[in-house]
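**Student:** Quick check, what structure comes out for this input:
(2 chains)
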Number of protein chains: 2
Amino acid sequence: MQDDSASPAPRKNKLATEPYKGVRDFYPEDQRVQNYLFDTMRLACERFGYEEYHASVLEPAELYRGKNAENEEIVNEQTYSFTDRGGREVTLRPEMTPTVARLIAAKRREIPFPARWFSIPNVFRYERPQRGRVREHWQLNADLFGVSGVEAEAELIALAAALLQSFGATPADYEVRINSRALVTLVHDEFGLSRDDSRALLRLIDRKNKMDPAEFELELAKIAKENAAGVGALLTATTLETFLASATALTRESDAARDLERLFELLHGLGIENARFDPTLARGFDYYTGIVFEVFDTSPENNRSMFGGGRYDRLLELFGDEKIPAVGFGMGDVTLRDFLESRSLLPAAASAAQLLIATVSAAQIPDAMKLAQRLRGRGARVAVNLTQKKLGDQLKYADRLNIPRVAVLGEDEVRTGQYALKHLASGNETVVSEADLLAAFEQ
Amino acid sequence: MQDDSASPAPRKNKLATEPYKGVRDFYPEDQRVQNYLFDTMRLACERFGYEEYHASVLEPAELYRGKNAENEEIVNEQTYSFTDRGGREVTLRPEMTPTVARLIAAKRREIPFPARWFSIPNVFRYERPQRGRVREHWQLNADLFGVSGVEAEAELIALAAALLQSFGATPADYEVRINSRALVTLVHDEFGLSRDDSRALLRLIDRKNKMDPAEFELELAKIAKENAAGVGALLTATTLETFLASATALTRESDAARDLERLFELLHGLGIENARFDPTLARGFDYYTGIVFEVFDTSPENNRSMFGGGRYDRLLELFGDEKIPAVGFGMGDVTLRDFLESRSLLPAAASAAQLLIATVSAAQIPDAMKLAQRLRGRGARVAVNLTQKKLGDQLKYADRLNIPRVAVLGEDEVRTGQYALKHLASGNETVVSEADLLAAFEQ
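**Tutor:** Modelled structure (predicted):
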């Protein structure tokens, strides 16, 4: 429907069945997987005492533009924004963090802190759709407000680990990489990098894995100039110890270094041993102020960042409030689904119904509907044949929908109250009374 | 932020904390209710064998405009529509029926019919926000595709009734009103109303309850002219029997009349006795072709339509397909919440966490975190103190969050493994071992 060339006659009058470009339709077999992801996320968050919140996908555009003129361009180019008929500029949220900061700021006098909050919103990015990139995805956001110590980071990393474990992943399947923006800033200060240079360096580090090493060196030399070698040495450290060993005493004895050391201690105490320091980790968002972390897939074919988060203690100041310490992470459904799929961790297909009540002829439909009602009253999930289909086709239908059992109703069954119950996978057939059926589905 | 008058200095630099106009923020106490509504809807639908599907809130605008020029105005005035940077016209879906029709049409060769589908999407309407009217709401949509007999209508009405019962409502709390567009059309044909007159009459009937009776009579006379008395007599019938008694033999012996009679029989067989015929029921959507129904709140203070649906056998033809019979209904969260609230049927406030582990001093936090991890491993929902707060403040915090139990960790407790467990509501305190705690939360 998108090109202007002459289209064949029937299309002129018929509606297209494709979804809008870059978004997904979720057929029952797809939504079942989404629900599995979301339900598992919910359970893991609730086990950590996190409470679910939500908000509209529509937000005032100024929430993303803020006071920063530079942001104007990002908002205009990368988000869905439009002007409503009342002249208000509206944006389809590209991420949840500004929204949760807005909600917390609005009720900061009423909310009991620490606040443990999670949500699983859809978020929109305006990008050219390409392999694996979609314009809309769902993203778990877990955030902890009101804890200034690294216990907060430890809890969120433990939650991320518990989440992956709930999906059946083992610690060998992923790695948690941790860095500290505060530590990076300190090092930059020591090397005399200007604020702009420091920001440029953070951005450069963020792009490091996507760059050619020679190009990275060149860009590093442009920013760090005579200190490029020193900065480069720190960036190649793979443990906190080796990093601090090549740093100055000022850095070594800083709060930022102590926070990182304590965080690794806490994680060790919680049995999380697949976490390591990574001085090249920067994360793409400007609002992070302290520790940042990312969870990487350890699969050699797919050794990439799956999701991450960090501390953003100053974001709430944008709303005119005192500082409220905040740590959070976001985890997208597409990446998670790919990760679970590559490890065969997605559940097998299932059906909403546990039982189909088939009928020998249409004459039994009213009785089939009544029987179904009684079974549902006991908590069973029951579908009923409402068509003129032959019995064989009703059985095929149950099979295609993965409904495991079929009870057959004919004249005799209605009269005697004894039903043939077929188990489709095994082909077994037993004769059961209604009481047996009711008992089988009793909750 | 919306007016142009000079605003006080601080607002210039600070972001507003209000949501976009006409949409709602869902704080944890609000989202808990939403989740209760959605979870109960899901369970009721699954008991009828309905499978969940979903789609993006963004749809091509042509899905709503269709081929009808008249629709152009409705789409432009009542929906959120905008043009994306690729020149595509996009609409935030105002209802789910066109979307589900699109999904079914796209895979009509693969989907096993009958297809029982449900979804709980958010939908947007561009209206002036006013008391009780919001621009975004969530709406259960349950649809059955591929059943041409009124067994489909009976099943959906039974589902609607089971849904309300799941929420604790009794049959006395609501009434199901049923009409048939086919029957109405037949009567109109008999009275010689033109297609335009017939449509005008349907629209008039739809507005009847909002109109002054005299004004209604006047409008009726304009449309039905010399037949206004005859048409009026039919419209005042309160049962199918009295309606058919004043109709001609042609109407009395029509398929439409027989379908209605059979539907009432089926409903009676299913124990649904709070359904009645209402010849004035029309529903606002043009796509209904057969039986339509609405569920009314019977409360004298709030005797209004809560939700409804009907048969729309021709909608899928818009996608160039053979006819696929379809029946469905939609139920909004705001109306449902109001209904449940007015009958005190909403659940009491609860907390995500079942237990808070409090600490006598910050020194016990690492041990508290470890204990929490072990309890979570057994399925318990546990929050941990991560702050320097005094014990009394930690107890107050648990109380404000409705966390029912608090385990206190001090130096002694860490050493002995014996914890004081407080039950906040009763004030009871017991000393328990870790094994006792683990056992208490074992799934």
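
**Student:** interface residues of the stretch 251-400 of chain A facing chain B?
**Tutor:** A:265-266, A:269-271, A:318-320, A:351-353, A:356, A:365-366, A:369-370, A:372-373, A:376, A:379-384, A:386-387, A:397, A:400 (Cβ under 8 Å from any Cβ of the partner chain). Just so you know, the C-beta spots here come from the backbone N, C-alpha and C atoms, and that holds for glycine as well.

**Student:** let's see it at 6 Å
**Tutor:** Contacts of the stretch 251-400 of chain A with chain B, taken as Cβ under 6 Å from any Cβ of the partner chain, map to A:266, A:269-270, A:318-320, A:352-353, A:365-366, A:370, A:373, A:376, A:381, A:383, A:386, A:397, A:400.

**Student:** Give me the buried subset of those.
**Tutor:** A:266, A:270, A:318-319, A:352-353, A:365-366, A:370, A:373, A:376, A:381, A:383, A:386, A:397 (16 or more other Cβ atoms under 10 Å in any protein chain shown).

**Student:** what about stretch A:290-304, how long is it end to end?
**Tutor:** 22 Å (Cα to Cα, to the nearest Å).

**Student:** Give me the contact list for that stretch.
**Tutor:** A:153, A:160, A:174-182, A:281, A:283, A:305-308, A:310-311, A:339 (Cβ atoms under 6 Å, 6 or more residues apart in numbering or on different chains).

**Student:** Tell me the buried residues in it?
**Tutor:** A:290, A:291, A:292, A:293, A:294, A:295, A:296, A:297.

**Student:** now stretch A:432-443
**Tutor:** Applying 16+ other Cβ under 10 Å to stretch A:432-443 flags A:432, A:437, A:438, A:441 as buried.

**Student:** Quick one: check that stretch for contact with chain B.
**Tutor:** No - figure legend: stretch A:432-443 not in contact with chain B (Cβ under 6 Å from any Cβ); closest approach 10.0 Å.

**Student:** Let me see the mean pLDDT of that stretch.
**Tutor:** For stretch A:432-443, the mean pLDDT works out to 84.

**Student:** Could the C-alpha coordinates of it be exported in CSV?
**Tutor:** Presented in CSV, the C-alpha positions along stretch A:432-443 are these (Å, rounded to 0.1, in the frame of the first residue of the first chain):
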residue,chain,number,x,y,z
VAL,A,432,-16.5,-41.3,32.7
SER,A,433,-19.5,-40.0,34.6
GLU,A,434,-20.1,-36.3,34.9
ALA,A,435,-19.1,-36.5,38.6
ASP,A,436,-15.7,-38.0,37.4
LEU,A,437,-15.3,-35.1,35.0
LEU,A,438,-16.2,-32.5,37.7
ALA,A,439,-13.8,-34.1,40.1
ALA,A,440,-11.0,-34.1,37.5
PHE,A,441,-11.3,-30.4,37.0
GLU,A,442,-12.0,-29.4,40.6
GLN,A,443,-9.5,-26.6,41.6
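
**Student:** ok, and what's touching that stretch?
**Tutor:** A:375, A:378, A:379, A:380, A:417, A:418, A:419, A:421.

**Student:** my guess is the last one contacts residue A:407, does it?
**Tutor:** I take that to be residue A:421. Yes - if you go by Cβ atoms under 6 Å, residue A:421 and residue A:407 touch, sitting 5.2 Å apart.

**Student:** Look at these two and report which has more neighbours.
**Tutor:** residue A:407 (23 against 18; other Cβ atoms under 10 Å in any protein chain shown).

**Student:** what is the more buried one paired to in the beta sheet?
**Tutor:** residue A:357, residue A:421 (DSSP bridges).

**Student:** Could you measure from it over to residue A:380?
**Tutor:** According to Cβ to Cβ, to the nearest Å, residue A:407 stands 11 Å off from residue A:380.

**Student:** So which residues on the stretch 101-250 of chain A come close to chain B?
**Tutor:** Going by Cβ under 6 Å from any Cβ, the residues of the stretch 101-250 of chain A near chain B are A:102, A:103, A:105, A:106, A:112, A:136, A:147, A:151.

**Student:** burial measure for the last one, as a count.
**Tutor:** Meaning residue A:151. Residue A:151 has 24 nearby residues by other Cβ under 10 Å.

**Student:** which ones are touching it?
**Tutor:** Here residue A:151 is in contact with B:365, B:386 (Cβ under 6 Å, 6+ apart).

**Student:** re the thing from before, can you tell me which of the buried residues of stretch A:432-443 are in strands?
**Tutor:** Secondary structure defined by DSSP state E assigns residue A:432 of these to strands.

**Student:** which one of the buried residues of stretch A:432-443 is nearest chain B?
**Tutor:** Nearest to chain B among the buried residues of stretch A:432-443: residue A:441, at 10.0 Å, using Cβ to the nearest Cβ.

**Student:** Can you tell me how far whichever residue of the stretch 151-300 of chain A sits closest to chain B is from residue A:287?
**Tutor:** Relative to chain B, the nearest point of the stretch 151-300 of chain A is residue A:151 (4.0 Å; Cβ to the nearest Cβ). Applying Cβ to Cβ, the value for residue A:151 to residue A:287 is 21 Å.

**Student:** re the thing from before, can I get the buried residues of stretch A:432-443 in a markdown table with distance to residue A:218?
**Tutor:** Formatted as a markdown table, the buried residues of stretch A:432-443 follow (distance: Cβ to Cβ, whole Å):
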| residue | distance to residue A:218 |
| --- | --- |
| A:432 | 77 |
| A:437 | 74 |
| A:438 | 75 |
| A:441 | 69 |
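
**Student:** Contacts only, for the residue of the stretch 1-150 of chain A found nearest chain B.
**Tutor:** Residue nearest to chain B within the stretch 1-150 of chain A: residue A:49 (2.8 Å; Cβ to the nearest Cβ). Shown in contact with residue A:49 (Cβ under 6 Å, 6+ apart): A:116, B:352, B:353, B:383.

**Student:** what about 7 Å?
**Tutor:** A:116, B:352, B:353, B:381, B:382, B:383 (Cβ atoms under 7 Å, 6 or more residues apart in numbering or on different chains).

**Student:** again, but for residue A:181
**Tutor:** A:288, A:289, A:290, A:292.

**Student:** avg pLDDT for stretch A:282-302?
**Tutor:** So the average pLDDT for stretch A:282-302 ends up being 86.

**Student:** again, but for stretch A:387-394
**Tutor:** Rounded mean pLDDT across stretch A:387-394 is 96.

**Student:** ditto for stretch A:114-133
**Tutor:** 86.

**Student:** Going by neighbour count, list what's buried in it.
**Tutor:** Buried residues in stretch A:114-133 (16+ other Cβ under 10 Å): A:114-126.

**Student:** Is it possible to get those out as TSV so that each row also shows secondary structure?
**Tutor:** Converted to TSV, the buried residues of stretch A:114-133 look like this (DSSP: H, G, I helix; E, B strand; the rest coil):
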residue	secondary structure
A:114	coil
A:115	strand
A:116	strand
A:117	strand
A:118	strand
A:119	strand
A:120	coil
A:121	coil
A:122	strand
A:123	strand
A:124	strand
A:125	coil
A:126	coil
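
**Student:** Going by distance to residue B:53, which of these wins?
**Tutor:** Nearest to residue B:53 among those is residue A:122, at 15.1 Å by Cβ to Cβ.

**Student:** ok so, going back, any idea how far the residue of the stretch 1-150 of chain A closest to chain B lies from residue B:177?
**Tutor:** Taking Cβ to Cβ, one finds residue A:49 at 46 Å from residue B:177.

**Student:** what residues does the longest strand along chain A touch?
**Tutor:** Looking across chain A with DSSP E, the single longest strand is strand A:136-145. Strand A:136-145 is contacted from outside by A:23, A:41, A:45, A:50, A:96, A:100, A:104, A:113-124, A:152, A:155-156, A:159, A:324, A:326-334, B:56, using Cβ under 7 Å, 6+ apart.
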